[in-house]
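Novice: My questions concern the predicted model and sequence given below.
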Amino acid sequence: MENKEIELLKRALERQKKARIQAEKILEDKSKELYDTAEHLKRANVLLESLLNERTDEVNAAFLNIIDPYVVMDLDFNVIRSNESAKEFLKFDGLKNEINLSRYVHPDFAQYTVESIQTLMETGVLKNYRAKIILPDNEQKYVQINASLIYDRKANPIAAQGIVRDITQEKDVESLLKKQQDQLKESENRLATLIKNLEMAVLLEDENRNIALTNKKFCEMFGIQANPEDMIGANCANAAEETKDYFKDPDQFIERITEILENQETVLSDELQMMDGRILERDYIPLFNDGVYKGHLWSYRDVTLTKTFRQNLQAEKDKYSGIIANMNLGLIEVDPNGQIQTVNQSFCNISGFEMEELVGSVVHELRTANNKQIIDDKDIAQLKKGQDSHEMPVFNKKGEQRHWLVSSAPLLDQSQRAIGSIGIHLDITEHKKLQLEKEKLLSKLEQSNESLKEYAYVVSHDLKSPLRSIQALASWLRNDYGDSLDDAGKEYLKLIQDKIESMENLISGILAYSTANTSELDNVELDLHEVVSGIEDSIFIPDNVTLVAPRRLPHIIADKTKVHQLFQNIISNAVVHIEKENGLVEILYNEEPDHWQFCVKDNGVGIPKKYHKKIFEIFQSASNDKKSTGIGLSIVKKIVDRYNGDIWVESEEGKGTDFYFTLEKQIVKKHFHENTAGQKVI
């Protein structure tokens with residue numbers, strides 16, 4: 001019995017072991033499943049965060065890429081957020097302090113702004129707010145703003161957002177239109193005054209043939225005993241019948257008036273024969289407004305003298321025609337269709353064609369012996385327009401390319417109607433070849449200058465490198481073996497270092513001299529006072545010398561580097577040559593219409609008269625200073641020359657020196673705000 005129970009217990013234990021193993025397996029499977037689920041959730045969470053960041057980036061990108069300036073501010077006008085357009089327009093980037101928009105409002109618009117903000121707070125929206133603002137650089141702009149309030153979840157306003165639009169140009173246009181309207185009114189008044197005082201007889205009638213305006217000359221021409229002002233409002237319907245006896249052919253005069261008024265078309269230079277022998281020319285100009293007839297203008301000119309001298313003029317024309325036919329300049333006359341009417345012998349000579357081949361031919365149909373068109377179509381079109389003198393490539397009859405200088409003008413009849421054109425031609429082929437050769441030489445010269453410039457830099461670098469090595473070796477020699485050298489050795493070592501410094505200054509000076517008139521000028525607006533103040537801080541000025549500007553130096557347009565170099569060289573030259581206990585260097589200036597004149601004045605040792613011109617030549621110096629390279633003032637001369645200026649010196653030994661120089665005024669397109677701060681001593 002005991003063995004059976006033991007067997008049963010063993011079997012039960014075995015079943016429990018199997019059940020435990022099975023339970024552990026189930027537990028492992030569940031754990032793995034939970035682990036996989038957790039990992040999946042982690043990946044999903046990362047994906048969601050990525051998508052959220054992408055959406056946020058998209059929103060931010062949309063916000064930042066709005067074309068118009070966009071600004072969000074709190075209710076105290078402090079900027080909370082803005083896009084790049086707003087930063088660029090309102091010039092935020094250069095400001096380090098908190099940006100408050102109330103400081104931008106022009107004082108003239110302060111009250112209007114207060115009222116507009118009150119409207120925004122009451123309605124939540126502000127539309128078409130227009131005002132003038134002052135940017136941080138003092139530039140003034142007109143803006144239009146559309147804004148709205150931003151509310152929290154409890155519907156309380158917490159901020160405002162708005163789009164800013166630059167309407168400065170619109171304001172300028174409005175101002176221009178107002179000015180033009182005023183000018184138009186003024187022009188109308190001037191026109192009325194002009195008509196009244198014209199030497200031409202004028203009669204202006206409305207659509208009912210009532211006189212609207214006439215002048216004194218009209219009354220005098222037709223013997224009317226009345227003031228022009230008294231005739232306004234009078235009807236001219238029967239005027240032709242009443243005045244027909246003034247003319248040689250009264251009936252024809254009446255018929256012509258009737259014809260002109262019925263046709264309502266412009267008539268110019270209509271000739272009238274008067275009974276007293278005078279010859280008049282009459283113009284008729286109908287006046288329409290939007291296609292509606294509003295009246296007409298008559299004008300009369302006495303051309304008796306013109307007609308009398310016509311025969312004399314014809315004789316003169318015949319005389320000069322003979323001269324033109326034999327002059328060295330080629331002459332050609334064409335009608336509006338390009339058909340050649342006349343040419344002179346000189347034109348035949350330079351074109352290679354015979355006169356019979358040219359007269360009656362059409363210019364654009366002329367061909368060379370090898371079937372080339374002698375003149376390009378675009379050049380023919382230019383000739384018809386009557387352009388000023390211009391160069392034109394052509395082919396002669398042999399097919400050889402030539403260059404002509406052509407001056408053309410329209411031919412007009414007595415009524416000022418174009419009836420063709422006339423051209424004067426000069427063969428400049430040889431001159432053109434010389435010009436092309438000159439351009440090639442200039443191109444080669446520019447390339448040579450660039451090569452020389454590069455060579456100067458290379459030489460400068462290659463020469464300075466061993467000098468620096470020698471300088472270092474000399475310094476090491478002084479530091480390591482200074483105690484072993486006697487006084488003469490130390491003096492020789494010092495001379496070596498001084499010569500190295502002089503050589504390095506000489507190399508730098510030669511490099512500066514070689515580039516003084518080759519580098520491109522970058523002309524900008526400069527505060528010359530600040531430039532000179534910077535020079536004062538950067539150069540050695542002895543304790544006994546004071547540098548002053550009696551009045552604040554001006555703003556000029558120039559290259560900052562060149563101007564700095566110019567003033568530094570002159571000031572440096574002045575301050576080191578003053579031995580007096582109270583040395584003084586003054587910078588003075590005068591403004592002329594087209595240039596600036598400056599003077600650097602010192603009370604130093606002065607310059608002997610024999611050096612007054614030599615000191616501006618390279619390697620020439622009036623000083624015995626061994627460190628002087630004799631290049632500084634030659635660089636100054638080059639810079640002054642680049643600005644089309646002059647430089648000279650006025651000096652006597654022991655009485656100081658005045659350096660004078662002028663700079664031509666320059667112009668830049670960019671607008672700068674000029675600082676008008678007061679004068680001060682540097």
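Specialist: Looks like it arrived, so ask away. Numbers count the residues shown, from 1 in each chain.
Novice: now the helices: where do they sit in the stretch 501-650 of the chain?
Specialist: Using DSSP state H, counting those that start in this stretch, the helices of the stretch 501-650 of the chain run over 528-538, 560-575, 632-642.
Novice: Give the other helices and strands that the helix or strand residue 88 falls within contacts.
Specialist: Assigning secondary structure by DSSP states H and E places residue 88 in helix 84-90. If you count contacts as 3 or more C-beta pairs under 8 Å, 6 or more residues apart in numbering; DSSP states H and E, helix 84-90 packs onto strand 70-74, strand 157-166. In short, each C-beta sits where N, CA and C put it, glycine included.
Novice: buried sites along the shortest one?
Specialist: Right, strand 70-74. 70-73 (16 or more other C-beta atoms under 10 Å).
Novice: cool, the last one as well?
Specialist: By neighbour count with 16+ other C-beta under 10 Å, strand 157-166 contains the buried residues 160, 162-165.
Novice: Make a markdown table from these and add distance to residue 475 and pLDDT to it.
Specialist: Conversion of the buried residues of strand 157-166 to a markdown table gives the following (distance: C-beta to C-beta, whole Å; pLDDT from 0 to 100):
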| residue | distance to residue 475 | pLDDT |
| --- | --- | --- |
| 160 | 67 | 89 |
| 162 | 65 | 90 |
| 163 | 66 | 89 |
| 164 | 62 | 88 |
| 165 | 65 | 88 |
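Novice: okay, among those, which ones form the most distant pair?
Specialist: Pairwise distances across the buried residues of strand 157-166 peak at 16.3 Å for 160 and 165 (criterion: C-beta to C-beta).
Novice: And the strand or helix carrying residue 202, what does it pack against?
Specialist: Using DSSP H and E, residue 202 falls within strand 201-206. Applying 3+ C-beta pairs under 8 Å, 6+ apart, one finds that strand 201-206 contacts strand 211-214, helix 216-221, strand 292-302.
Novice: same question for the second one, mean pLDDT?
Specialist: What that stands for is helix 216-221. The average pLDDT within helix 216-221 is 86.
Novice: List the contacts of the helix or strand following that helix.
Specialist: On the C-terminal side of helix 216-221, the nearest following helix or strand under DSSP H and E is helix 228-231. By C-beta atoms under 8 Å, 6 or more residues apart in numbering, the surrounding residues in contact with helix 228-231 are 196, 211, 213-216, 218-219, 224.
Novice: Out of the residues you listed, give me the one that has the most neighbours.
Specialist: residue 214 (26 neighbours; other C-beta atoms under 10 Å).
Novice: I'd assumed residue 220 was in contact with that residue.
Specialist: No - counting by C-beta atoms under 8 Å, residue 214 stays clear of residue 220, with 11.1 Å between them.
Novice: on that earlier part again, wait, which of the buried residues of strand 70-74 is closest to residue 249?
Specialist: Nearest to residue 249 among the buried residues of strand 70-74, with distances taken as C-beta to C-beta, is residue 70, at 80.1 Å.
Novice: Spatially nearest residue to the closest one (excluding sequence neighbours)?
Specialist: Excluding the flanking residues, the one nearest residue 70 by C-beta to C-beta, 6 or more residues apart in numbering is residue 83, at 4.7 Å.
Novice: phi, psi of that neighbour?
Specialist: The phi/psi pair for residue 83 (degrees, to the nearest 10) reads phi -90, psi 180.
Novice: same question, residue 374
Specialist: Phi and psi for residue 374, reported as degrees, to the nearest 10, are phi -70, psi -30.
Novice: okay but it is in contact with residue 365, surely?
Specialist: No - in this structure residue 374 lies outside contact range of residue 365 using C-beta under 8 Å: 9.6 Å.
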